[in-house]
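No sequence on hand, only this structure:
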């Protein structure tokens, strides 16, 4: 593995493949955890549908990267690098990997046009194995790259920036309610972050059809999608910038960090838990999940010009110990998703700070238990 202070390159073939297999399991569990949250009524049906879509796109991005780096550490006849992951802060690939992938996607058609088909490459591989009795590493590399570009062309991946989309929820006429959702891959902490906003629209033209407001709203929200900004700042910014849009609920879900004794160097109780758990391959991990919610509790009117008045939202902040001012949210809930063996050690050690953390314990069979 090649390293710098915070990032590590997975140059070993088997370490790289185990890493992607681990995330394949994790993303599968994430969708099941979201379904449990819906059953608990902590997420609405619409929120789960949107969230599941983003989780699926994260899985597709990992699958594409897994194909790109399938032959990492092998002699492929040319140097093509290795996956760079954030070993300290997140356990996820660095944002640079997603940026390069976006650039590759723009040129995928051109790359595929100059490559043999998958069937041709497989036939050449068989011929080399039988005729020359050699492992066709270079042909395997060519096939992995072809499959990588095919995945990029197929789309539905999680990008560094996933622009806002809007879906109707309820209401017609003067008041319509929409779900606006978007997501980013936070380049400062190398983690996917998903935003879900319920907004009431009192504009003359419905928001999705408004050729002036909708592009402005998209640009405004993406510009505010920084992990360091409080939800209160984001919601008030939209409320004050658009007189006929009223954010009623804003949710931000941080997926990660991913902790693994084999891959990451995070410090603290969870690392000790994973070390002592000695879990079998594929179950040596824990995934943090942070859910922030800001809700409007009432509306006030204020003057706008000489003859008109506009509505402004008053947001409810966490009343306990003044934390609402600190967090800028109505509530914040921290959860952790982990397999059974690490959970058993966590329950036995019961480290400080984990009593208020919701634990979702997952099994290879797909069962999810909440503690």
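That came in fine, so what should we check first? This structure is a prediction, so every number in the text was calculated from the model and none was measured.

hey, where'd the strands end up in the stretch 51-200 of the chain?
For the stretch 51-200 of the chain, the strands defined by DSSP state E, counting those that start in this stretch cover 83-86, 161-170, 176-186, 191-201.

These: lowest mean pLDDT?
Note on the strands of the stretch 51-200 of the chain: strand 83-86 shows the lowest mean pLDDT, a mean of 87.

quick one: contacts for the nearest residue to residue 249 once chain neighbours are set aside?
Once flanking residues are discounted, residue 249 sits nearest to residue 198: 4.2 Å by CB to CB, 6 or more residues apart in numbering. Backbone N, C-alpha and C define where each C-beta goes, glycine included. Residues near residue 198 by CB atoms under 8 Å, 6 or more residues apart in numbering: 169, 177, 178, 179, 180, 247, 248, 249, 250.

do the same with residue 226
Residue 226 neighbours (CB under 8 Å, 6+ apart): residue 186.

where's it relative to residue 237, distance?
11 Å (CB to CB, to the nearest Å).

again, but for residue 358
Applying CB to CB, the value for residue 358 to residue 237 is 30 Å.

Need the contact partners of stretch 161-173.
Contacts to stretch 161-173, defined as CB under 8 Å, 6+ apart, come from residues 46, 50, 54, 57, 176-185, 198, 200, 207-208, 214, 217-218, 221-222, 225.

residues of that stretch that come out buried?
162, 164, 166 (16 or more other CB atoms under 10 Å).

bridging residues for the last one?
Pointing back at residue 166 there. Beta-bridge partners recorded for residue 166 (DSSP bridges): residue 180.

cool, and the first one?
Residues found in beta-bridge contact with residue 162 (criterion: DSSP bridges) are residue 183.

Next, the angle from the single longest strand found in the chain to strand 191-201.
Of all the segments of type strand in the chain, defined by DSSP state E, the longest one is strand 286-304. For strand 286-304 against strand 191-201, the angle by axes from the mean of the first three to the mean of the last three CA atoms, to 10 degrees is 30 degrees.

following strand 286-304, which helix or strand shows up next?
strand 308-316 (DSSP states H and E).

Check which helices and strands that next one is in contact with.
helix 231-241, strand 245-259, strand 286-304 (3 or more CB pairs under 8 Å, 6 or more residues apart in numbering; DSSP states H and E).

which residues sit against that strand?
Counting contacts by CB under 8 Å, 6+ apart, the residues touching strand 308-316 from outside are 202, 232, 235-236, 239-240, 243, 246-248, 294-304, 324, 330.

how far out from the middle of the chain is that strand?
32 Å (CA atoms, centre = their mean, to the nearest Å).

buried sites along that strand?
Buried-residue list, strand 308-316, by 16+ other CB under 10 Å: 310, 311, 312, 313, 315, 316.

Over to stretch 278-290?
Buried residues in stretch 278-290 (16+ other CB under 10 Å): 279, 283, 284, 285, 286, 287, 288, 289, 290.

what residue ranges in the stretch 1-150 of the chain score low on pLDDT?
1-12, 73-81 (pLDDT under 70).

how about 80 then?
The stretch 1-150 of the chain contains residues with pLDDT under 80 at 1-14, 72-81, 89.

Could you give me the PyMOL selection string for whichever of the contacts of strand 308-316 are buried?
Buried residues within the contacts of strand 308-316, by 16+ other CB under 10 Å, are selected in PyMOL with:
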select buried, resi 232+235+236+239+243+246+247+248+294+295+296+324+330
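
What residues of the helix of greatest length in the chain count as buried?
For the chain, the helix that runs over the most residues, judged by DSSP state H, is helix 13-39. Using 16+ other CB under 10 Å as the test for burial, helix 13-39 gives 15-20, 22-23, 26-27, 29-34, 36-38.

do the same with stretch 250-264
Using 16+ other CB under 10 Å as the test for burial, stretch 250-264 gives 250-261, 263-264.

Please give the centre-to-centre distance between that stretch and its chain.
In terms of CA atoms, centre = their mean, the centre of stretch 250-264 is set 9 Å apart from its chain centre.

Same check on stretch 85-94?
With CA atoms, centre = their mean, you get 13 Å for stretch 85-94.

what do you get for stretch 20-27?
The chain centre lies 13 Å from the centre of stretch 20-27; the measure is CA atoms, centre = their mean.

Stretch 236-247 too?
Remark: stretch 236-247 is offset 26 Å from the chain centroid, using CA atoms, centre = their mean.

which residues are in contact with that stretch?
Contacts to stretch 236-247, defined as CB under 8 Å, 6+ apart, come from residues 197-204, 207, 213, 216-217, 220-221, 224, 235, 296, 299, 304, 310-313, 315.

and the spatially most central residue of the chain, what does it touch?
Closest to where the C-alpha atoms of the chain average out (CA atoms, centre = their mean) is residue 192, at 3.2 Å. Remark: with contacts taken as CB under 8 Å, 6+ apart, residue 192 is in contact with 54, 58, 92, 158, 183, 184, 185, 186, 255, 256.

And those residues, which of them are buried?
Among the contacts of residue 192, the ones that count as buried by 16+ other CB under 10 Å are 54, 58, 92, 158, 183, 184, 185, 186, 255, 256.

Which single one of those is nearest to residue 341?
Nearest to residue 341 among the buried ones among the contacts of residue 192, counting by CB to CB, is residue 256 at 20.6 Å.
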